[in-house]
Structure formats: C-alpha cells, structure tokens
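**Student:** sequence and predicted structure are below.
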Amino acid sequence: MNTDITASTKPEHPVLDRNPPFTRVVGNFSTLDYFRFATITGVSVTVGYLSGIRGPSMVTGGLIGVMGGFMYAYQNSAGRIMGFFPNDHEVAHYKK
C-alpha cells in the first residue's frame, strides 16, 4: 500500500512552501478567493431556501455553502503556495 502523501505531479510554478500551515494558507486568501467563498455560500443559501422547508433548509444549505466555499478557497490558496497554480503575486510578495 502506498502511503506517500506527496503530490503525484510536480509543481509547474515556484514553490513557496511545500507543506504550508493552516494560518499561512488562510492568510494568503486573495480577493477572488473571498468572492468565490461568498458566492458559493450565497448560492447554497438560495437553493436551500427554494427547496423544502424554508428555515431549516436555508440554514442547512448555508452551512454546506460555508464549508464548501471555505474548502474551495483553501484549495486554491494552498495550490498557489505549493506551486500547483499560477502564483506570480505570491512570489513577488514573499520575496520581499
């Protein structure tokens, strides 16, 4: 059984941190990450409101949206730090 947790592909962009901590990843959220986070949450609340019992479905949809939006933003931020996504802005920022 393969227990290697490293990526199966090599990063195509400069690596800033191979294993970034939670605080660095969240601190690296861009404006676009926050926008996507809010959009996913808003769409989920709306879908929850329109499907089923208004109050409980809306809250459940909102919670699912918050978790999904955060995970999506976290994945993008971590990918930029680890060099899997374009990270020109991060390279310029951390080289100072």
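**Tutor:** Yep, it's here.
**Student:** could you report the neighbour count for the residue nearest to residue 47 when sequence neighbours are not counted?
**Tutor:** Sequence neighbours aside, residue 61 is the residue nearest to residue 47 in space, at 5.4 Å (criterion: C-beta to C-beta, 6 or more residues apart in numbering). Placement of C-beta: from N, CA and C, glycine included. Residues contacting residue 61 under the criterion other C-beta atoms under 10 Å number 21.
**Student:** can you pull the buried residues of the longest helix along the chain?
**Tutor:** Residue-count comparison of every helix in the chain, with assignments taken from DSSP state H, identifies helix 54-82 as the longest. Of the residues in helix 54-82, those buried under the neighbour-count criterion (16 or more other C-beta atoms under 10 Å) are 57-58, 60-62, 64-66, 69-70, 73-74, 76-82.
**Student:** now swap in stretch 37-55 and tell me
**Tutor:** Neighbour-count burial for stretch 37-55, counted by 16+ other C-beta under 10 Å, picks out 37, 40-41, 44-45, 47-49.
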